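Student: Here you go, sequence then predicted model.
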Amino acid sequence: MTQLAQDNEGILESQAVWRQGEECLYGEKGKPLVEYRGVTKSFGDLEVIKGIDLQMHAGEKLAFIGPSGSGKTTLGRMLMTLERPTSGSLSIDGVPLWQMQDKKGRWKPANEAHLRAMREKVGMVFQHFNLFPHLTVERNVTLALTSVLGLTREDAGARAESMLEKVGLLDKLSSYPSQLSGGQKQRVAIARALVMRPKVVVFDEVTSALDPELVGEVLAVIKEIAKEGETAMMLITHEMDFAREVADRVIFGAEGLIVEEGTPEDIFERPQSERLRTFLNRLQEVRD
Ligand SMILES: Nc1ncnc2c1ncn2[C@@H]1O[C@H](COP(=O)(O)OP(=O)(O)OP(=O)(O)O)[C@@H](O)[C@H]1O
């Protein structure tokens, strides 16, 4: 058997484990969908994540707040496998991202097929939309459905239409990104992430590149999707009212560590640490 065939067999096995898990184990209330365990991340000498333990549950809406440069984006990018932890482990549905088991149960580094399979469980919406400028709205949304999930153009088109309807852009199917406002582009990016039916979506400062008058339409779309409840969301945001309204749990991070976490009421009405109080006061001053 070739090495590749062996690897693929290993993967099929590990997928079978989590398929079985999805039905009986991980669907169970209380089991984490996402787990960061002792995760650190350094870029050269700069340690930006200094040991994070964090669990997210199926359908949970988690807001991540904190000063600029505290490592929020890096945490989200690690979930998407865009960055690899320097140490610690990160798993989805109980399956480690960067390691896989072979047929004999021995651990080895994840291969590309394992990473791809894990990545399918995660969607990410970026600050700067990252749409393909040369593709129509419809093709931007269907591309991964056909090329990654292997759907036919027809099936992908039907799924894309229903998602674009949800974000209020059904009339823009044939438009190109350059013909859209920033808010519309971001709504396409949201549709593109959600159409893959990920278990968790990272929204990374999705309104910070928008003109103020366009922020509301994007937040409204996310709030509506959040109400449906199925998809877990990691909302990295500076929009405190939005975090308060949408999140089940808020995490305040600073300098690569989780400083405080709790319900929106805990965090915004009863901040415990001096650091969080200072952060919230500063934001209030900017708003006033
Ligand atoms: N690829 C990289 N190479 C080197 N340094 C990086 C890289 N990515 C991030 N950093 C650094 O890591 C630190 C954390 O960045 P990160 O973007 O995760 O913070 P953040 O909390 O999301 O900030 P912001 O709120 O401004 O988006 C910053 O000092 C940043 O310059």
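Tutor: Received it, and whenever you're ready, just let me know what you need.

Student: so where's the stretch 51-200 of the chain uncertain?
Tutor: Scanning the stretch 51-200 of the chain for pLDDT under 70 picks out nothing.

Student: Skip ahead from the strand or helix carrying Ala193 and say which helix or strand is next.
Tutor: Secondary structure from DSSP states H and E places Ala193 in helix 182-194. Following helix 182-194 in sequence order, the next helix or strand is strand 200-204 (DSSP H and E).

Student: buried residues in whichever helix or strand comes after that next one?
Tutor: Going down the chain from strand 200-204, the next helix or strand is helix 212-228, by DSSP H and E. Within helix 212-228, the residues scored as buried using 16 or more other CB atoms under 10 Å are 214-215, 217-219, 221-222, 225-226. Placement of C-beta: from N, CA and C, glycine included.

Student: Same check on stretch 262-271?
Tutor: Neighbour-count burial for stretch 262-271 flags 262, 264, 267-268, 271 (criterion: 16+ other CB under 10 Å).

Student: For my notes, please list these in a markdown table and give secondary structure and distance to the ligand for each entry.
Tutor: Shown next, in a markdown table, are the buried residues of stretch 262-271 (DSSP: H, G, I helix; E, B strand; the rest coil; distance: CB to the nearest ligand atom, whole Å):
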| residue | secondary structure | distance to the ligand |
| --- | --- | --- |
| Gly262 | strand | 19 |
| Pro264 | helix | 19 |
| Ile267 | helix | 17 |
| Phe268 | helix | 18 |
| Pro271 | coil | 18 |
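
Student: Can I get the residues you listed in a markdown table including pLDDT?
Tutor: Output for these, formatted as a markdown table (pLDDT from 0 to 100):
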| residue | pLDDT |
| --- | --- |
| Gly262 | 95 |
| Pro264 | 96 |
| Ile267 | 96 |
| Phe268 | 96 |
| Pro271 | 96 |
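
Student: now Gly59: how far from Phe203?
Tutor: In this view, Gly59 and Phe203 are 15 Å apart by CB to CB, to the nearest Å.

Student: Looking at the two, which one has more neighbours?
Tutor: Taking other CB atoms under 10 Å, Gly59 and Phe203 do not tie; Phe203 has more neighbours (31 against 16).
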